[in-house]
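# Sequence plus the predicted model coming up.
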Amino acid sequence: MRFHIITIFPNVFSGFLEESLLKKAIDKGLVEVHLHNLRDFTTDKHKTVDDRPFGGGPGMVLMIEPVDKAIQAIKSKEKGRGKVIMLSPRGERFNQEKTKELTGYDWLILLAGRYEGFDERIREHLVDEVVSIGDYVLNGGEVPAMVIIEAVSRLLPGFMSTPESLEHESFNEYDEKGQPVLDYPQYTRPANYKGWKVPEVLLSGDHKRIETWRRRNLSRVEGPTS
Ligand code: ADE
């Protein structure tokens, strides 16, 4: 899977890409993350990427031209199935279903904006979809892009050292109402910490009882998830 990030803050990604399982996946060639600095697609000497909104109002708006140039430059070198995703709190809510769907692509362009917003024509003409990671406003799409990279990458075959742990994981199972079923509670040593004890059944070695206990203690998301 090849992720292309369009951003004016490429350095924000460095620690994220250089640690842990994601770094291993990159080293193995399972995941590629290409950072594209939006300012490299500007034509003026100040490398301007934003301007004041037509009609007035506060803040600055991300201009269409550098975004268009960046997207076309990436697409011209790509092959296979891909998608252009704009990150915005106005988008469709990101969830595990969406994550699974995105694993079906060879490449993704994640457009991380800053400032007050994007020129609306970017959404209308240049992107396939707009995705939000939740109902709150961040300073930009960089953290949402990282969220998507991590959620999608860990579902790719070969990413996890113990792929079985994905099978029973939260959001992989749904109840009869279509609500995601979350994990059962987990404990590890010590069995008694400051008098806070692990449920006795989990220490019993009786796999049938443990299974029943776990099924009874699955947690669920409360209320609607969309
Ligand atoms: N940019 C700013 N806030 C965002 C959010 N919640 N989701 C996606 N992109 C964003």
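Looks like it arrived, so ask away.
# And residue 99, which helix or strand is it part of?
Under the criterion of DSSP states H and E, residue 99 resides in helix 96-102.
# is that helix anywhere near the ligand?
No: shown here: helix 96-102 not in contact with the ligand (Cβ under 6 Å from any ligand atom), separated by at least 12.3 Å. Yep, even glycine has a C-beta here, placed from its N, CA and C like the rest.
# Could you pull out the buried residues of that helix?
96, 98, 99, 102 (16 or more other Cβ atoms under 10 Å).
# can you check stretch 13-27 too?
For stretch 13-27, by 16+ other Cβ under 10 Å, it's 13, 16, 17, 22, 25.
# end-to-end on it?
Taking Cα to Cα, to the nearest Å, stretch 13-27 runs 16 Å from one end to the other.
# Could you tell me which residues of the chain lie near the ligand?
87, 88, 89, 132, 133, 134, 136, 137, 138, 140, 141, 144.
# hang on, the earlier thing: of the buried residues of stretch 13-27, closest to residue 50?
residue 13 (20.5 Å; Cβ to Cβ).
# got the phi/psi numbers for the closest one?
Per-residue torsions, residue 13: phi -90, psi -10 (degrees, to the nearest 10).
# What segments of the chain are strands?
2-7, 32-37, 50-51, 61-62, 82-93, 107-112, 117-118, 129-132, 173-174, 180-181, 192-193, 196-197 (DSSP state E).
# separation between residue 63 and residue 114?
Using Cβ to Cβ, to the nearest Å, one gets 12 Å for the distance from residue 63 to residue 114.
# Overlap of the contact sets of those two?
Common contacts of residue 63 and residue 114, defined by Cβ atoms under 8 Å, 6 or more residues apart in numbering, comprise residue 50.
# what residues does stretch 61-70 touch?
Counting by Cβ under 8 Å, 6+ apart, 6, 36, 38-43, 48-53, 111, 113-119, 121-122, 126 sit against stretch 61-70.
# same question, stretch 6-26
Contacts for stretch 6-26 (Cβ under 8 Å, 6+ apart): 5, 31-33, 35-39, 49, 67, 70-71, 74, 109-112, 114, 140-142, 145-146, 149-150, 153-154, 156, 158-160.
# tell me the mean pLDDT over stretch 149-167?
Here stretch 149-167 scores 88 as its mean pLDDT.
# mind listing what's buried in it?
149, 150, 151, 152, 153, 154, 155, 159, 160.
# Out of those, which sit inside helices?
149, 150, 151, 152, 153 (DSSP state H).
# ok, back up a step: kindly reformat the strands of the chain as a markdown table containing mean neighbour count.
Listed next are the strands of the chain as a markdown table, based on neighbours: other Cβ atoms under 10 Å:
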| stretch | mean neighbour count |
| --- | --- |
| strand 2-7 | 24 |
| strand 32-37 | 17 |
| strand 50-51 | 16 |
| strand 61-62 | 20 |
| strand 82-93 | 19 |
| strand 107-112 | 24 |
| strand 117-118 | 22 |
| strand 129-132 | 18 |
| strand 173-174 | 13 |
| strand 180-181 | 16 |
| strand 192-193 | 10 |
| strand 196-197 | 10 |
